[in-house]
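Visitor: coordinates only, sequence not included:
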């Protein structure tokens, strides 16, 4: 009965490659997010999708592109991976109005070599 | 812009004792929500407790309670009867009402010692 799931949990790849991380939620939420957690544990929002529309984009390089085929899924595609992209990426979801908490997936640890 | 400050990078507590984690925030909004999240070594982000700014009563969830001081823009987390499983990073977070842009503090690493 996983609420927010992400695949893969670990991703090791070479610089310059393109990779995707998938996220699915079964909570019936309207809004989904991607966060990046750096090596110092700082969490920063990258994207938010509400009913398949982008509503936040926090100055993330355009190598990162979120794709939402439906409101239960928000995938993150990363082109031309760089060393600095190494981090843990979290997917989250919340009800549309944001008055309830965001619920997080287990995270994907991306390592770029 | 809203900022969230956690001034204690690391804390420790003996098992069964009580510990308080501090959080302050800066906002000009009058209606907002505050949260504490826990991130154990498994790295899963787990919601611990939340507080609506319009409620004067402090939120409580079992051994976890908050001290919400709206005028002082302070939102501390008290953990009573600390357990080994409470060892984790704790993040304070802020979100404006009817907004999805959640802002996190830098986190406090809590270690519960046997």
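Guide: Noted; the coordinates are in hand. Here the structure is a predicted model, which is why all the values come from computation and not from measurement. Residues are numbered from 1 along each chain as shown, chains lettered A, B, ... in the order given.

Visitor: now name the helix or strand holding residue 47.
Guide: Defaulting to chain A. Per DSSP states H and E: residue A:47 is located in strand A:43-50.

Visitor: to clarify, I was referring to chain B.
Guide: strand B:46-52.

Visitor: and the strand holding residue A:47, what does it pack onto?
Guide: Packed against strand A:43-50 by the contact rule (3 or more Cβ pairs under 8 Å, 6 or more residues apart in numbering or on different chains; DSSP states H and E) you find strand A:31-37, strand A:53-57, strand A:64-70, strand A:73-78. The way it works is simple: take the backbone N, C-alpha and C, and place the C-beta from them, glycine included.

Visitor: again, only using 10 Å
Guide: Here strand A:43-50 touches strand A:31-37, strand A:53-57, strand A:64-70, strand A:73-78, strand A:87-94, strand B:88-96, strand B:103-104, going by 3 or more Cβ pairs under 10 Å, 6 or more residues apart in numbering or on different chains; DSSP states H and E.

Visitor: are the first one and chain B in contact anywhere?
Guide: What it means is strand A:31-37. Yes - interface with chain B: strand A:31-37 contributes A:31, A:32, A:33, A:35, A:37 (Cβ under 10 Å from any Cβ of the partner chain).

Visitor: burial count for the nearest residue to the second one once chain neighbours are set aside?
Guide: Sequence neighbours aside, residue A:74 is the residue nearest to residue A:32 in space, at 3.9 Å (criterion: Cβ to Cβ, 6 or more residues apart in numbering or on different chains). One way to gauge burial is a neighbour count; for residue A:74, by other Cβ atoms under 10 Å in any protein chain shown, it gives 28.

Visitor: would you confirm that residue A:74 contacts residue A:49?
Guide: Yes - Residue A:74 lies in contact with residue A:49 (Cβ atoms under 10 Å); the separation is 5.3 Å.

Visitor: joint contacts of these two?
Guide: Residues touching both residue A:74 and residue A:49 (Cβ atoms under 10 Å, 6 or more residues apart in numbering or on different chains) are A:31, A:32, A:33, A:34, A:66, A:67, A:68, A:93.

Visitor: same list (those residues) but as CSV, adding pLDDT.
Guide: Listed next are the shared contacts of residue A:74 and residue A:49 as CSV, based on pLDDT from 0 to 100:
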residue, pLDDT
A:31, 89
A:32, 92
A:33, 93
A:34, 95
A:66, 92
A:67, 91
A:68, 89
A:93, 93
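
Visitor: could I get those as CSV with neighbour count?
Guide: Formatted as CSV, these follow (neighbours: other Cβ atoms under 10 Å in any protein chain shown):
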residue, neighbour count
A:31, 23
A:32, 30
A:33, 28
A:34, 26
A:66, 20
A:67, 13
A:68, 18
A:93, 26
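
Visitor: now stretch B:12-24: average pLDDT?
Guide: Stretch B:12-24 shows a mean pLDDT of 98.

Visitor: quick one: is that stretch near chain A?
Guide: No - using Cβ under 10 Å from any Cβ, stretch B:12-24 stays clear of chain A, with a minimum separation of 14.1 Å.
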